[in-house]
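Trainee: pasting the sequence and the predicted coordinates here, then a few questions.
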Amino acid sequence: MSKMSEVLETALKHKHIKEVLDDMDKADEYLEKRAAEEDEPYKLPKLVYHTEVKIKEMFGRQVISFNENESSKDIILYLHGGAYINQIDSLQVSFCDKLAKKTKATIFAPLYPLAPNHTYKETYQFVEKLYEWILEFEKPVTVMGDSAGGGLTAAFCEYLANNQMELPKQLILISPWVDVSMSGDYEKYRDLDPMLGIEALPKVGEAWSGDFYTKYYKVNPLFGNVEKLPPTKIFVGTHEVFYPDILAFYNKLKDYDVDVELFVGEEMPHVYPIYPVIPESKEGFNEIVDIILDDS
């Protein structure tokens, strides 16, 4: 772990995200707060952008586009993380902007419906319409996401495969949340993870699942049919509570002979390739760039 990574871990501990996710009462308060806020219109953060970044209405929801132009060879559908309750943040927006610049791809980042006001059902309806619209460009499509968005990416593509629908060229999953029921053993990682708590995450998963059992594949891709998934690249840090579930998901894909590759960030936190300031993040980011460019 680099010195800058140690600084990042300290900073993450002071963001109090873990505190909320480890306390049921605080989680309830946060869900109430999000219910009051989450359907408000999203405004782009004030950043120095490297591509043309726009926000527009599509299929009844807002979608952020990066480098949208006819000359781009690749399209990336980016599903953001945030435990299915938080909107896309400035780090994720900046990541997409830099990725669009480096790969010269067009990126669409939809602001999909969130819990607790909405469930996966509404999100699938919206994302499917957007995905079908993207396919009309007849360009190579990568579907990728981080954290909850990584789980949604995997589950949505399991849904496509189950229904004999056109699959994307490849998947890129960054610390995907593949088991919202949190049915595994996470004690070894409880103290290692500076960002994610454990106790309240199943409650968040229930809010996202609605009336469905949380092990239903559309919300929990670890328990779905993975055998027809396209080539998949997975990034994970060893200092995150999702690490054992992600390993289980990777091994399941291997067992079904899916073309899958795992990138492990030793002593790295959750979604480490997204952060801009540490050497390990830059390495992960460059690997993602190479994956997209190699597929062009």
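Mentor: Arrived safely. Numbers count the residues shown, from 1 in each chain.

Trainee: where do the strands sit along the stretch 1-150 of the chain?
Mentor: Applying DSSP state E, counting those that start in this stretch to the stretch 1-150 of the chain gives strands spanning 53-58, 61-66, 75-79, 106-110, 141-146.

Trainee: and the contacts of the fourth one?
Mentor: Right, strand 106-110. For strand 106-110, contacts defined as C-beta atoms under 8 Å, 6 or more residues apart in numbering pick out 58, 61-69, 72, 74-80, 88, 92-93, 96, 99-100, 126-127, 130, 134. The C-beta positions use only the backbone N, C-alpha and C, and glycine is treated the same way.

Trainee: what does the third one give?
Mentor: Among residues not part of strand 75-79, those counted as contacts by C-beta under 8 Å, 6+ apart are 92, 96, 99-100, 103, 105-110, 112, 127, 130-131, 134, 137, 139-145, 149-150, 152-153, 156, 168, 292.

Trainee: can you pull out the helices in this structure?
Mentor: Assigned by DSSP state H, the helices in the chain fall at 3-13, 17-21, 24-37, 90-103, 120-135, 148-162, 187-190, 201-209, 243-255, 279-294.

Trainee: of the contacts of strand 75-79, grab the buried ones for PyMOL.
Mentor: Entered in PyMOL, the line below selects the buried ones among those, by 16 or more other C-beta atoms under 10 Å:
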select buried, resi 92+96+99+100+103+105+106+107+108+109+110+112+127+130+131+134+139+140+141+142+143+144+145+149+150+152+153+156+168+292
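
Trainee: any stretches of the stretch 1-150 of the chain with poor pLDDT?
Mentor: Residue ranges of the stretch 1-150 of the chain with pLDDT under 70: 1-20.

Trainee: one more time with 80
Mentor: 1-24 (pLDDT under 80).

Trainee: circling back to that earlier point, right, so the helices of the chain: which one is the most enclosed?
Mentor: The highest mean neighbour count among the helices of the chain, using mean count of other C-beta atoms under 10 Å, belongs to helix 148-162: a mean of 24.

Trainee: before we move on, back to that, now the helices of the chain as a markdown table including distance to residue 177?
Mentor: Below are the helices of the chain laid out as a markdown table (distance: least, C-beta to C-beta, whole Å):
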| stretch | distance to residue 177 |
| --- | --- |
| helix 3-13 | 17 |
| helix 17-21 | 12 |
| helix 24-37 | 15 |
| helix 90-103 | 15 |
| helix 120-135 | 12 |
| helix 148-162 | 4 |
| helix 187-190 | 14 |
| helix 201-209 | 8 |
| helix 243-255 | 8 |
| helix 279-294 | 18 |
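
Trainee: not counting sequence-adjacent ones, nearest residue to residue 223?
Mentor: residue 215 (4.9 Å; C-beta to C-beta, 6 or more residues apart in numbering).

Trainee: was I right to think the one you found contacts residue 202?
Mentor: No. Counting by C-beta atoms under 8 Å, residue 215 stays clear of residue 202, with 11.2 Å between them.

Trainee: who touches both of those two?
Mentor: residue 181.
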